[in-house]
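1. what follows is a predicted structure for the sequence shown.
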Amino acid sequence: MGKTSDLTAVQKTIIDTLHKEGKTQKVIAKEAGCSQSSVSKHINRQAKGRKKCGRKKCTSSRDNRTLQRIVTTNPFKNVGEIHKEWTAAGVSASRTTTRRLMKDMGFRCRIPCVKPLLNMKQRKKRLAWAKDKKDWTDAEWSKVMFSDESKFCISFGNQGPRVWRKSGEAQNPRCMRSSVKFPPSVMVWGAMSSAGVGPLCFLRSRVNAAVYQEVLEHFMLPAADQLYGDADFTFQQDLAPAHSAKTTSTWFKDHGIPVLDWPANSPDLNPIENLWGIVKRRMQYARPNNAEELKTTIRATWALITPEQCHRLIESMPRRITAVIEAKGAPTKY
């Protein structure tokens, strides 16, 4: 151990402590478990102060603050655009330096999360809704039947599996994924509660008020019987035009079913959105060839959803509400 760079952090601490106590280098070396020369070099190095080594930085702290301001102001610019704007401010640095400094500052290039656009009025209503529901218990949320529509396509974009291939096999049919210009798709309506999921409804046409009321009659009511029996429940739906139509409101009143008030553009508050995500992730390795095979796959995957999964999602409602309050009505991570 002739070099101070060979000393561990613990040894350096012991040397510094014993040196301050006035111990001799021989005693220090014995206690630290290193050579006396290592102790001497470390003490002398600490006394003189370590000389700076390496290449001199080409940018100042002010230049770095300018770079951070540029990235923060418009995080959607690419490295080339950021570098161009930075050098236009009088900084002399390469594009590689720009990228490296951005990385040192903690910036990483990622796919942005997509969230609904919320105006201030909608944010205030979300915040007010969250504050009104913040004291709801798990028992109260378990009485809510959550519902939603979701679109399923045969092509799942980039969510499919990656491929292991060798160099030159990019065009090998065995290593390729097929795509179609207009992939068949189906629109599905579903409902869930903490007790599990209800039957699915595949929508054949555009959902207007009349079509939606048929879905409620033939699928929502059976789902309520299945999930709640004779117990009372509250139905949740978003503010789609067919849902908020006057005739739909009349339908609920005629059937004596209370509807949960719901803020606009708030899929992050609806746990069934996460359930759709679970279904689609489980289907990402399936490759149905047509709409009928797609429906069969969706039914089979939906049937695998357990009541425990639904219960865990419903239990997240207090956390979702807290997140909305902390975000002052803005979109959350859910």
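-> Perfect, thanks for sending it. Numbers count the residues shown, from 1 in each chain.
2. which residues sit against stretch 288-296?
-> 152, 154, 184, 185, 186, 202, 297 (Cβ atoms under 8 Å, 6 or more residues apart in numbering). Bear in mind the C-beta positions are built from the backbone N, C-alpha and C, glycine included.
3. switch the cut-off to 6 Å
-> Stretch 288-296 has contacts (Cβ atoms under 6 Å, 6 or more residues apart in numbering) with 154, 184, 186, 202, 297.
4. next, count neighbours for the last one.
-> One way to gauge burial is a neighbour count; for residue 297, by other Cβ atoms under 10 Å, it gives 18.
5. okay, whichever strand or helix holds it in PDB with CA atoms only?
-> Under the criterion of DSSP states H and E, residue 297 resides in helix 291-303. Extracted as PDB, the C-alpha positions of helix 291-303 are listed here (Å, rounded to 0.1, in the frame of the first residue of the first chain):
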ATOM      1  CA  ALA A 291     -61.900  -8.700 -35.600                       C
ATOM      2  CA  GLU A 292     -63.600 -12.000 -34.400                       C
ATOM      3  CA  GLU A 293     -60.300 -13.400 -33.100                       C
ATOM      4  CA  LEU A 294     -59.600 -10.100 -31.400                       C
ATOM      5  CA  LYS A 295     -62.900 -10.200 -29.600                       C
ATOM      6  CA  THR A 296     -62.200 -13.800 -28.500                       C
ATOM      7  CA  THR A 297     -58.800 -12.800 -27.200                       C
ATOM      8  CA  ILE A 298     -60.300  -9.800 -25.300                       C
ATOM      9  CA  ARG A 299     -63.000 -12.000 -23.700                       C
ATOM     10  CA  ALA A 300     -60.500 -14.600 -22.600                       C
ATOM     11  CA  THR A 301     -58.200 -12.000 -21.100                       C
ATOM     12  CA  TRP A 302     -61.000 -10.200 -19.400                       C
ATOM     13  CA  ALA A 303     -62.200 -13.400 -17.800                       C
END
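6. which of the contacts of stretch 288-296 tops the neighbour count?
-> residue 154 (20 neighbours).
7. residue 247 against residue 209, yeah?
-> Yes: between residue 247 and residue 209 there is a contact at 5.0 Å, judged by Cβ atoms under 6 Å.
8. so between the two, which is more surrounded?
-> residue 209 (18 against 12).
9. buried stuff in stretch 272-282?
-> If you call a residue buried by 16 or more other Cβ atoms under 10 Å, then stretch 272-282 has these buried ones: 272, 273, 274, 275, 276, 279, 280.
10. tell me the secondary structure at the second one.
-> Same thing as residue 273. Following DSSP: H, G, I helix; E, B strand; the rest coil, the label given to residue 273 is helix.
11. do residue 106 as well
-> Of the three states, residue 106 takes coil under three-state DSSP.
12. how far away is it from residue 71?
-> Taking Cβ to Cβ, to the nearest Å as the measure, residue 106 falls 10 Å from residue 71.
13. low-confidence stretches in the stretch 101-250 of the chain?
-> Low-confidence segments of the stretch 101-250 of the chain (pLDDT under 70): 155-164, 175-183.
14. do a quick rundown of the strands in this structure.
-> 144-153, 185-193, 196-197, 201-203, 234-235 (DSSP state E).
15. most tightly packed of those?
-> Mean neighbours per residue, mean count of other Cβ atoms under 10 Å, is largest over the strands of the chain for strand 185-193, with a mean of 21.
16. elements contacting it?
-> Counting contacts by 3 or more Cβ pairs under 6 Å, 6 or more residues apart in numbering; DSSP states H and E, strand 185-193 packs against strand 144-153, strand 201-203, helix 291-303.
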